[in-house]
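Engineer: Structure for the following, please:
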Amino acid sequence: MKKHYEFILKDTQELVYESMCTQIMDEKDENFGAFMDRDCILDAKYTIYRTASMISLYCCKDSELFRDEKLFKRIMAGLGFAEKMQLDSGLYDYVTCNFSSAPDTAFCIKKLMPIFFFLRDVCGDKRTDKEEEIYKIIEGIIRKASRGIMTGGFHTPNHRWAIASTLMECYKIYGDEDMKRCAERYLAEGIDCNEDGEYAEKSAGNYNRVNNDAMITLAEATGDKTYEEYVIRNLRMMLHYWEPDDSVFTANSTRFDKDRLMYPTDYYTEYMLMAQRHGIPEFYEMCNYIIDVCKRRNLHGPDCLIYFMWYPEWINTEHEGIYKNSDYQVFYQNSGISRNRTGRYTYTVMKGKSNFLYFHNGTIKLEMKVAGSFCEHRAFKGETMEETEEGLHLHQTMHGWYYLPWSQDKIPETNDWWQMENEKRDKKMGPDMDIDVWVKESKGRDGINVRIKTKGVEGAPWRIEMSFTGADFLENSHMATNLKGNETIIAKDGEIQLSNSRDTLIIGPCFGTHRFMEGKEDSEATNSGSSTIYFTDYTGFDHTIMIRNMRSQI
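Structural biologist: Numbering: from 1, shown residues only. The predicted structure is shown next:
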């Protein structure tokens with residue numbers, strides 16, 4: 001992967017020069033050595049990450065800043081700030097969120113570990129005096145942090161594995177049995193990766209990668225290679241998570257990356273490690289694909305120069321071919337998601353989500369909801385999803401109910417509504433509304449048909465809500481208009497065409513029998529920056545909406 005190495009080296013140099021512009025180098029400043037992030041926040045974690053990139057560049061013999069004196073001064077300033085901000089406990093504050101944080105300290109240490117092992121094992125006795133200074137400071141930070149991480153505490157599922165894997169790695173370094181025992185307490189909970197390869201947070205944009213990194217570390221630290229089975233399973237699943245615009249499908253995430261535009265750059269090291277260790281050709285092809293995406297879209301390359309230095313054999317490893325997804329239809333039943341690709345477009349169907357359908361043709365993205373107000377319900381969320389001979393079927397039964405007056409044996413002592421245990425009241429049940437959705441691909445393989453049927457409740461004003469990004473013009477037989485984003489439009493009949501300079505989606509037939517678009521209180525807001533098209537009708541109804549990708553018809 002020599003060309004990858006050259007590209008990543010060049011990009012790391014650019015990243016470091018960018019970082020220099022934000023580093024505080026006034027020795028009289030109390031924050032000397034720190035890096036300011038985009039929000040002008042000074043945080044030890046951010047400084048450690050930026051300093052780590054500088055160290056890899058300083059130690060890389062092919063770098064134009066190899067052993068540069070000015071860069072060394074900046075590195076020592078950054079490490080000095082990291083030492084200063086480390087609490088007496090060994091922990092770091094993550095100042096925008098978590099304080100005395102074991103998981104965030106673990107993330108800091110994880111960024112330093114490859115440098116530690118490179119200086120200890122690759123450079124070894126050949127470390128220069130300045131490299132020795134860097135090594136001793138990093139080792140001191142790691143040693144102190146490991147004691148703090150043992151005090152624990154976490155908020156989210158992935159935090160457990162960040163803590164456990166870091167402690168196991170520190171146990172391997174220091175031989176402290178307390179570190180091992182503490183890690184084993186977390187690992188006793190069992191790894192939350194299902195048979196599909198999906199972790200609990202379903203975070204394809206970020207935390208799947210974080211979890212994979214922890215599993216790789218655990219395998220290396222414990223010698224138990226079964227941890228890598230989770231990584232391989234997830235990376236295989238992720239092969240079906242790339243969109244036509246090279247981004248990662250993130251709408252299924254339960255975390256901050258939900259619906260964010262993110263690219264797979266940070267998966268590079270995981271695909272490379274697993275490709276080498278397990279001889280998986282498509283993982284090598286994914287590495288080629290990731291670098292190709294970075295070049296075509298002018299993205300920063302993976303910040304992983306230190307891995308090419310830690311594993312120098314990577315440079316001489318070559319594999320031809322870029323990963324290209326052929327057409328597929330995959331149903332990850334445990335994860336409640338179906339991912340499908342035909343030629344230029346993908347479509348995704350999800351259980352338990354109000355935004356249950358996504359359609360993406362490379363430049364235009366559609367998100368569909370079935371929404372309205374029925375008792376406390378505000379939108380359809382499929383309780384079940386199954387494959388049929390023709391496609392996918394989702395179903396939800398919405399139960400209506402009303403509280404009844406307290407029965408004599410349950411009357412509370414208080415008349416304060418907010419202190420009453422109202423969940424213990426008797427209820428009058430009904431009526432129920434059944435909603436079924438069928439999604440199937442068109443016979444011409446140029447799009448999909450979405451059939452939506454409601455029954456059980458008559459006369460409720462419901463709506464099919466379609467949010468669009470990437471389209472800048474809407475037209476049908478009655479009107480034509482530019483789209484700027486944030487429009488809300490009811491399309492009453494015929495078909496609509498949503499287009500930009502490259503693509504067109506054709507959707508219909510349209511229907512619009514009422515104008516109740518916003519719903520009752522607690523209804524979900526429209527997506528900011530998106531144009532929203534509504535088809536509206538009264539329940540019960542049975543409509544089939546056709547979504548066609550014009551370029552697939554050519």
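Engineer: quick one: K110 and I163 touch, right?
Structural biologist: No: using C-beta atoms under 8 Å, K110 makes no contact with I163, being 10.6 Å away. For glycine as for every other residue, the C-beta is placed from the backbone atoms N, C-alpha and C.
Engineer: okay, the two: which has more neighbours?
Structural biologist: I163 (25 against 19; other C-beta atoms under 10 Å).
Engineer: how about that one, what does it touch?
Structural biologist: Taking C-beta atoms under 8 Å, 6 or more residues apart in numbering, we find I163 in contact with A102, P103, A106, I149, G152, F154, A183, Y186.
Engineer: Counting neighbours, which of those residues comes out on top?
Structural biologist: I149 (30 neighbours).
Engineer: Contact partners for the nearest residue to that one once chain neighbours are set aside?
Structural biologist: Nearest residue to I149, sequence neighbours excluded (C-beta to C-beta, 6 or more residues apart in numbering): A102, at 4.8 Å. The neighbours of A102, taking C-beta under 8 Å, 6+ apart as the test, are L91, G148, I149, T151, G152, G153, F154, H159, I163.
Engineer: Dead centre of the chain: give me the residue that sits there.
Structural biologist: Nearest residue to the geometric centre of the chain (C-alpha atoms, centre = their mean): G205, 2.2 Å.
Engineer: out of everything not next to it in sequence, what's closest to that one?
Structural biologist: Nearest non-adjacent residue to G205 (C-beta to C-beta, 6+ apart): D257, at 3.1 Å.
Engineer: quick one: low-confidence ranges for the stretch 401-550 of the chain?
Structural biologist: Nowhere does the stretch 401-550 of the chain drop to pLDDT under 70.
Engineer: ok, longest helix in the protein?
Structural biologist: helix 129-149 (DSSP state H).
Engineer: quick one: contacts for the residue nearest to G205?
Structural biologist: By C-beta under 8 Å, 6+ apart, D257 lies in contact with S203, A204, G205, N206, Y207, T250.
Engineer: run the last query once more with 6 Å
Structural biologist: S203, G205, N206, T250 (C-beta atoms under 6 Å, 6 or more residues apart in numbering).
Engineer: And C59, by the same measure?
Structural biologist: Counting by C-beta under 6 Å, 6+ apart, C59 touches no other residue.
Engineer: what do you get if the cut-off is 7 Å, keeping everything else the same?
Structural biologist: Contacts for C59 (C-beta atoms under 7 Å, 6 or more residues apart in numbering) come out as F118, E131, M309.
Engineer: With respect to P302, which of those residues is nearest?
Structural biologist: When the contacts of C59 are ranked by distance to P302 (C-beta to C-beta), M309 comes first, at 13.7 Å.
Engineer: Do a quick rundown of the strands in the stretch 451-554 of the chain.
Structural biologist: 461-469, 473-475, 480-482, 488-490, 496-499, 504-508, 531-538, 542-549 (DSSP state E, counting those that start in this stretch).
Engineer: just to revisit the earlier point, how much space separates the residue nearest to I149 from G153?
Structural biologist: From A102 over to G153 the distance is 5 Å, taken as C-beta to C-beta, to the nearest Å.
Engineer: same thing with S523?
Structural biologist: 37 Å.
Engineer: elements contacting the longest helix of the chain?
Structural biologist: helix 69-85, helix 102-117, helix 157-174 (3 or more C-beta pairs under 7 Å, 6 or more residues apart in numbering; DSSP states H and E).
Engineer: quick one, which of these is nearest to A371?
Structural biologist: Comparison of these against A371 by C-beta to C-beta identifies helix 157-174 as nearest, at 29.8 Å.
Engineer: Distance from the longest helix of the chain to the middle of the chain?
Structural biologist: On the basis of C-alpha atoms, centre = their mean, to the nearest Å, helix 129-149 sits 31 Å off its chain's mean C-alpha point.
Engineer: which residues sit against it?
Structural biologist: Contacts of helix 129-149 with the rest of the structure, by C-beta under 7 Å, 6+ apart, involve 55, 59, 72, 75, 79, 82-83, 86, 89-91, 102, 105-106, 108-109, 112, 115-116, 119-120, 123, 127, 163, 166-167, 170, 174, 179.
Engineer: wait, what's in contact with F66?
Structural biologist: By C-beta under 7 Å, 6+ apart, the residues touching F66 are Y58, C60.
Engineer: which phi and psi does it have?
Structural biologist: Main-chain dihedrals, F66, degrees, to the nearest 10: phi -60, psi 120.
Engineer: Can you read off the pLDDT for it?
Structural biologist: Per-residue confidence for F66 comes out at a pLDDT of 97.
Engineer: Would you mind stating the distance between it and D266?
Structural biologist: 25 Å.
Engineer: about what we covered before: looking at the contacts of D257, which are in strands?
Structural biologist: When the contacts of D257 are checked against strands using DSSP state E, none is located there.
Engineer: mind listing which of the residues you listed are in helices?
Structural biologist: Judged by DSSP H, these include no members of helices.
Engineer: Can you add pLDDT and give those residues back as a markdown table?
Structural biologist: As requested, the contacts of D257 are exported to a markdown table (pLDDT from 0 to 100):
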| residue | pLDDT |
| --- | --- |
| S203 | 97 |
| G205 | 96 |
| N206 | 95 |
| T250 | 96 |
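Engineer: between these, which is closest to E18?
Structural biologist: Lowest distance from E18 to the contacts of D257 (C-beta to C-beta) belongs to N206, with 21.5 Å.
Engineer: contacting residues for that closest one?
Structural biologist: Shown in contact with N206 (C-beta under 7 Å, 6+ apart): R255, D257.
Engineer: quick revisit: okay, and the residue nearest to G205 sits in which element?
Structural biologist: Per DSSP states H and E, D257 falls between elements, in no helix or strand.
Engineer: if I look at it, how far off is M76?
Structural biologist: Distance, D257 to M76, using C-beta to C-beta: 34 Å.
Engineer: same check, this time on C375
Structural biologist: According to C-beta to C-beta, C375 stands 64 Å off from M76.
Engineer: Give the phi and psi angles for the residue lying closest to I337 once chain neighbours are set aside, as a check.
Structural biologist: Nearest non-adjacent residue to I337, counting by C-beta to C-beta, 6+ apart: M350, 5.0 Å away. In terms of degrees, to the nearest 10, the main-chain angles of M350 are phi -130, psi 140.
Engineer: what do you get for M262?
Structural biologist: When read as degrees, to the nearest 10, the backbone of M262 gives phi -140, psi 150.
Engineer: Let me know the helix or strand that L9 is in.
Structural biologist: helix 2-20.
Engineer: Just the buried positions in that helix, please.
Structural biologist: By 16 or more other C-beta atoms under 10 Å, the buried positions in helix 2-20 come out as H4, Y5, F7, I8, L9, D11, T12, Q13, L15, V16, S19.
Engineer: following it, which helix or strand comes up?
Structural biologist: Assigned by DSSP H and E, the successor of helix 2-20 is helix 44-59.
Engineer: Run the angle between that next one and helix 69-85 for me.
Structural biologist: Here helix 44-59 runs at 150 degrees with respect to helix 69-85, directions being taken by axes from the mean of the first three to the mean of the last three C-alpha atoms, to 10 degrees.
Engineer: Tell me the buried residues in stretch 481-495?
Structural biologist: Applying a neighbour-count criterion of 16+ other C-beta under 10 Å, one finds L483, I489, I490, A491 buried in stretch 481-495.
Engineer: Ok, stretch 307-323 next?
Structural biologist: Judged by neighbour count (16+ other C-beta under 10 Å), stretch 307-323 contains these buried residues: Y307, F308, M309, W310, Y311, W314, I315, Y323.
Engineer: Run the chain-centre distance for that stretch.
Structural biologist: Using C-alpha atoms, centre = their mean, the offset of stretch 307-323 from its chain centre is 26 Å.
Engineer: got the contact list for that stretch?
Structural biologist: For stretch 307-323, the external contacting residues (C-beta under 7 Å, 6+ apart) are 1-2, 5, 8, 56, 59-60, 114, 117-118, 122, 269, 272, 276, 281-282, 284-286, 288-289, 292.
Engineer: Buried ones among the residues you listed?
Structural biologist: Applying 16+ other C-beta under 10 Å to these flags 1, 5, 8, 56, 59-60, 114, 117-118, 269, 272, 276, 282, 284-286, 288-289 as buried.
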